[in-house]
Structure formats: structure tokens, C-alpha cells
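Asks: Below are the sequence and a predicted model for it; my questions follow.
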Amino acid sequence: MKYFFRELFEKINQFSHKIDNVALLEGQHWVVMNEIEEVKKVLIFRSNKELLVSSNGKVEICRWEYLGYNSILLGINEEHFLYKNEFFDKDVLALKLDGQETPFLLLNETKFGKEINTIENVLRFLSDKYISNSKQVKEFLNKENVNYRLTEDIVDVNYSEEMYLDPINRARTVIAKSELLKLFPYLYKYEKQGVVIYQYHKGEECVVCGDRVFDFVGEPYSGKLRFSWYHSLYVVDGIVRG
């Protein structure tokens, strides 16, 4: 998922403001988006320089200090971390650990007006505010995106022929997106890279040549899918090529 957030951050960076008014930070509930699927972590910056860090309701009292030059010092568990501000407005804060490439992104739950406890809520908020013309994002968020197996009776006979057992034939098949689930009955949301994979076989280790891959805004994905240090696949125009 960090790859997806990094790409999204680059797209919305033009809307950033300088963090020269710390009052905008204080008293708000900043939700750490990068870890939202594993744990709901909330940061609350208090005016007395206390930093409340809540992890699924368990609270630690830490410290914070704005140092100027877009730098914030966070003291957590007797360790101190220097962060640079990469993006800031009243709703979104992006902080990057000094010396690291990828920032972590925080969303202001106080301004958002309701709990943010799924990645879909995060995407909906960001797309509505910064990419409001993206029809594909809204269509994707309105679907139920979970790993599941469709019933056999919805598979059209045209996609049940033995020729489709060959992954090369599947890769060569021109098929409308609305028909994909008839040939690829397994839907896998690979959040690490922000893509959805339509699979012929089930499971992360069973992504094979011919499977279809789209990013979270519904566009065909091109690039390398990395499942581990030894297992990766190349995707061209939304089709796994091996």
C-alpha cells in the first residue's frame, strides 16, 4: 500500500501549504493512513506539547515540538524522531522521517466528521477533495472489494472451454472489464501495491500469466508486482505477462 500512497501523494502535492501555523495541528485527531488496515493509530497534538498516541484505543502520552523550517520532533517511547513536513492543509498532513523516502500520511478525522476505519473511506475522502473528477475511483469504492469465489453457474459457457486452461490463451483474450469475473472468478485486492487482481486461480502465490490487474482508480496497471524478494511478475497494460 505504501506504493499507492506515494503515488497519490505526488498527485496532490500541488495543493500543499506550509506548516507555519501549529494551531492547525493542535486538538485535532490525526489518523495514520498507512497502517489503517492493521491498526487504527490516532495522533493528537496538544498545545502543552504533549502528543497523545492512540493505538486501537490504547493511549501513550508522548511529546512533540515544532522546530521551524517545516520540521517536527516527536518523542515516542524514549526515542526521538525528526520529521519533515511534506504536505499540509487543514485535512491532510504528510510527514517524512529525515533520511527516508516515503512519508506517512495523516488525515484529520475531526474535520472529516466520522470515523475513518477502512482504506475505502480514506480513498473516498482524498478522491472527493483532490481528484473529484475521477469516476473510476467512485465506481471502485461503491463495490464490495473482498477476496471471494463466485458461483460456477454465473460462468458463461464461452469462458469454460478448455482453451482457457492455457495461460497464454488467457493473456491473448480480449475481454470487456464487465465480463472479467466470468473468466477470472477470484478477485484479490493486493493493498501493498494498490492494485486489484482478477485471477484464474485463487491465492497470492497463484497470480499467473494472463491474469488482469487494475490500480485502485480502475486503470490498467503496468509495472512489476512484487510479492516477495524472490517472487515478482511483470504486468503490461493490465495483463500479467510473467
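Replies: Ah, there it is. Numbering: from 1, shown residues only.
Asks: And for the host helix or strand of Val196, what's in contact with it?
Replies: Using DSSP states H and E, Val196 falls within strand 195-199. Residues outside strand 195-199 that contact it (CB atoms under 8 Å, 6 or more residues apart in numbering) are 4, 140, 145, 180-181, 184-190, 206-208, 211-216, 221, 225. In short, each C-beta sits where N, CA and C put it, glycine included.
Asks: what does the average pLDDT come to for the next helix-or-strand element following that strand?
Replies: Using DSSP H and E, the next helix or strand after strand 195-199 towards the C-terminus is strand 212-215. The pLDDT scores in strand 212-215 average 89.
Asks: Check which helices and strands strand 212-215 is in contact with.
Replies: Helices and strands touching strand 212-215, by 3 or more CB pairs under 8 Å, 6 or more residues apart in numbering; DSSP states H and E, are strand 195-199, strand 239-240.
Asks: ok, back up a step: what's the average pLDDT for the strand holding Val196?
Replies: 89.
Asks: ok, it: who's next to it in the sheet?
Replies: strand 186-190 (antiparallel), strand 212-215 (antiparallel) (DSSP bridges).
Asks: What would the shortest one look like as PDB? C-alpha coordinates only.
Replies: In PDB, the C-alpha atoms belonging to strand 212-215 read as follows (Å, rounded to 0.1, in the frame of the first residue of the first chain):
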ATOM      1  CA  ARG A 212      -5.700  -8.900 -15.200                       C
ATOM      2  CA  VAL A 213      -4.500  -6.100 -12.900                       C
ATOM      3  CA  PHE A 214      -6.000  -2.700 -12.300                       C
ATOM      4  CA  ASP A 215      -5.000   0.100  -9.900                       C
END
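Asks: Which elements pack onto the helix or strand just after it?
Replies: Downstream of strand 212-215, the next assigned helix or strand under DSSP H and E is strand 223-226. Judged by 3+ CB pairs under 8 Å, 6+ apart, strand 223-226 is in contact with strand 232-236.
Asks: Work out the gap between the strand it packs on and the centre of the chain.
Replies: Computed by CA atoms, centre = their mean, to the nearest Å, the separation of strand 232-236 from the middle of its chain amounts to 19 Å.
Asks: returning to that earlier point: angle of the strand holding Val196 against strand 232-236?
Replies: Angle, strand 195-199 to strand 232-236, by axes from the mean of the first three to the mean of the last three CA atoms, to 10 degrees: 90 degrees.
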